[in-house]
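**Student:** sequence and predicted structure are below.
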Amino acid sequence: MNMPRPAAVILFLAPFVVWDAAVYLMRARGDRSIERRREILRHFTEEDIAVGRDHVLRHNQLYPISRALSYGFVIALLFCGLGARLEARLLPLVGGRWYLALPLFLLVVFGIGTLLSMPLSAYRTFVIEREFELSTITPGLWFLDRLKGLLLSVVFGTLFFLPVLGLIKALPRTWPVPAAGVLILLFAFGLWLHPWLIAPLFNKFTPVADAALVPRIREVAAKAGIPVKEALVMDASKRSRYMNAYFAGLGNSRRIVLYDTLLDECGADEVLSVVAHEAGHWREHHIRKGFALYAAGTIVGLWLLFVVLNSAAVRRFFNVPSPSSLALVVLLPFLQGLGGRLTAPVESAISRHFERGADRAALELTQDPVAAVAVRVRLVRKAKADLLRHRLLHRLYGSHPLPEERIRAAEAYRAAPDG
């Protein structure tokens, strides 16, 4: 006996909704361990803890609404068949040429998605983040960012799906292998191109003006084996008060980027500690390893997609007319999101391993654990971060070690005989 379609959809989505509910509850509960609170209070105050908890709880209130909108949007496009109907409407407009219908399809889907997300995004930015004195962006710039993001999503979505759909049509039995090769090359090209083309669309970059700091930055980079031509400052303060630094680019586009907020709030030793952490990622080959993981994930993901699309029953369930349907634009990110819940613990564990390695490398590059501890404390306070994040939630999604763990590691390095 066949199960009614609405019941089948509910049964399919139920485990993921339960997962989301568990995330919401863990975020709301936090960690109530007395021992952990005692350790945190070695470097932070009760006010720091309270502000961080309040910050995350305010954002957590919007989480159920955000998830409901996301599920509703996908249900409408896939399970209710709006995506397939949109494809059927667009193809006659371009003479049946799917490659011309693709950017139009992306524009409509991403455009609606952007409109749906804007109210919550605006509330987060202009209400919650303003209350915590973290947001500095103007409404005009915020709207312009949304518009630029939408246009870039359409452009890069077209570049992504054009070869995939083309190869599905041309090589229906073997398309995952060449498609993976194309997407990996596109990803590498995007990393190289980003500092020159994408980043300047959102921020201005100027050379670091501190004549005493630049040689120290280059010295750290040289110790890490990174030939960097430029150390630049990004005008991050026009959007928020968050602080950071990063290495960007590949080959001749490689550069060091410092947030202007970092330079304004931190001393030279603390800035150098942050730069050394980012340099540590390069020294420990985390960029290369991350790229290899992306390549492996792309190959596995496309093979799983090949299996899914080859099942007529599965295609009917998701209302995808054919393996090369434009509805794949909606199906692929949806399946990636669901699969991401299953792979999140492994991905997070790998990320934390990389971050610990970068922290250790930073200490070796600077030999300054005092600055490492000071800047960790400052970054957490400035970001109003949740110091009592639930431990299970941290294991599932935490990309960095807990603040007290990073501080404890720096203090242990200071106490070591070779430190």
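**Tutor:** Noted; the coordinates are in hand.
**Student:** which residues of this structure score low on pLDDT?
**Tutor:** 1-2, 229, 414-419 (pLDDT under 70).
**Student:** quick one, strands of it?
**Tutor:** Secondary structure of the chain, counting by DSSP state E: strands at 205-207, 230-234, 245-248, 255-259.
**Student:** point out the most buried one among these.
**Tutor:** strand 255-259 (a mean of 23; mean count of other Cβ atoms under 10 Å). C-beta: built from backbone N, CA, C; applies to glycine.
**Student:** list the helices and strands it packs on?
**Tutor:** strand 230-234, strand 245-248, helix 268-283 (3 or more Cβ pairs under 8 Å, 6 or more residues apart in numbering; DSSP states H and E).
**Student:** now those in CSV, with distance to residue 380?
**Tutor:** Listed next are the helices and strands packed on strand 255-259 as CSV, based on distance: least, Cβ to Cβ, whole Å:
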stretch, distance to residue 380
strand 230-234, 21
strand 245-248, 16
helix 268-283, 13
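**Student:** on that earlier part again, format the strands of the chain as CSV; extra columns: distance to residue 122.
**Tutor:** Shown next, in CSV, are the strands of the chain (distance: least, Cβ to Cβ, whole Å):
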stretch, distance to residue 122
strand 205-207, 27
strand 230-234, 23
strand 245-248, 27
strand 255-259, 23
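**Student:** so for the top helix by length along the chain, what gets flagged as buried?
**Tutor:** The longest helix of the chain (DSSP state H) is helix 328-366. Within helix 328-366, the residues that qualify as buried are 328-332, 334-335, 344, 348, 351-352, 354-366, counting by 16 or more other Cβ atoms under 10 Å.
**Student:** list the contacts of residue 142.
**Tutor:** By Cβ atoms under 8 Å, 6 or more residues apart in numbering, the contact set of residue 142 is 122, 125-126.
**Student:** any idea which of those has the most stuff around it?
**Tutor:** residue 125 (19 neighbours; other Cβ atoms under 10 Å).
**Student:** among the helices and strands packed on strand 255-259, which is nearest residue 202?
**Tutor:** With respect to residue 202, and counting by Cβ to Cβ, the nearest of the helices and strands packed on strand 255-259 is strand 230-234 at 9.2 Å.
**Student:** who does the closest one pair up with?
**Tutor:** Take DSSP bridges as the rule and strand 230-234 pairs in its sheet with strand 205-207 (antiparallel), strand 255-259 (parallel).
**Student:** look up how far residue 370 lies from the nearest residue to residue 52 once chain neighbours are set aside.
**Tutor:** Nearest residue to residue 52, sequence neighbours excluded (Cβ to Cβ, 6 or more residues apart in numbering): residue 386, at 4.5 Å. With distances taken as Cβ to Cβ, to the nearest Å, residue 386 is found 25 Å from residue 370.
**Student:** which of these two has more neighbours?
**Tutor:** The residue with more neighbours, out of residue 386 and residue 370, is residue 386; 24 against 14, by other Cβ under 10 Å.
**Student:** ok, that one - contacts?
**Tutor:** By Cβ under 8 Å, 6+ apart, the contact list for residue 386 reads 30, 52-53, 55-56.
**Student:** pull the most distant pair out of the residues you listed.
**Tutor:** 30 and 55 (11.8 Å).
**Student:** now the contacts of residue 142 in CSV, with distance to residue 154?
**Tutor:** Listed next are the contacts of residue 142 as CSV, based on distance: Cβ to Cβ, whole Å:
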residue, distance to residue 154
122, 22
125, 23
126, 26
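**Student:** go through the residues you listed and flag which are in helices.
**Tutor:** residue 122.
**Student:** return the subset of the contacts of residue 386 lying in helices.
**Tutor:** 52-53, 55-56.
**Student:** from the residues you listed, pick the one nearest residue 316.
**Tutor:** residue 56 (41.3 Å).
**Student:** I'd say that closest one and residue 29 touch.
**Tutor:** No. Residue 56 is beyond contact range of residue 29, at 11.1 Å (criterion: Cβ atoms under 8 Å).
**Student:** more neighbours: which of those two?
**Tutor:** Comparing residue 56 with residue 29 by other Cβ under 10 Å, the one with more neighbours is residue 56, at 18 against 12.
**Student:** now do the contacts for the more buried one.
**Tutor:** 27, 30, 386, 389.
**Student:** in TSV: the residues you listed, plus distance to residue 269.
**Tutor:** Output for the contacts of residue 56, formatted as TSV (distance: Cβ to Cβ, whole Å):
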residue	distance to residue 269
27	34
30	32
386	27
389	28
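**Student:** just give me the closest of those residues to residue 8.
**Tutor:** residue 27 (30.2 Å).
**Student:** find the nearest non-adjacent residue to the closest one, please.
**Tutor:** Distance criterion Cβ to Cβ, 6+ apart; nearest residue to residue 27, sequence neighbours excluded, is residue 60 at 4.8 Å.
**Student:** ok, back up a step: out of the helices and strands packed on strand 255-259, nearest to residue 194?
**Tutor:** strand 245-248 (6.3 Å).
**Student:** which secondary structure elements does that closest one sit against?
**Tutor:** Helices and strands touching strand 245-248, as assessed by 3+ Cβ pairs under 8 Å, 6+ apart, comprise strand 255-259, helix 268-283.
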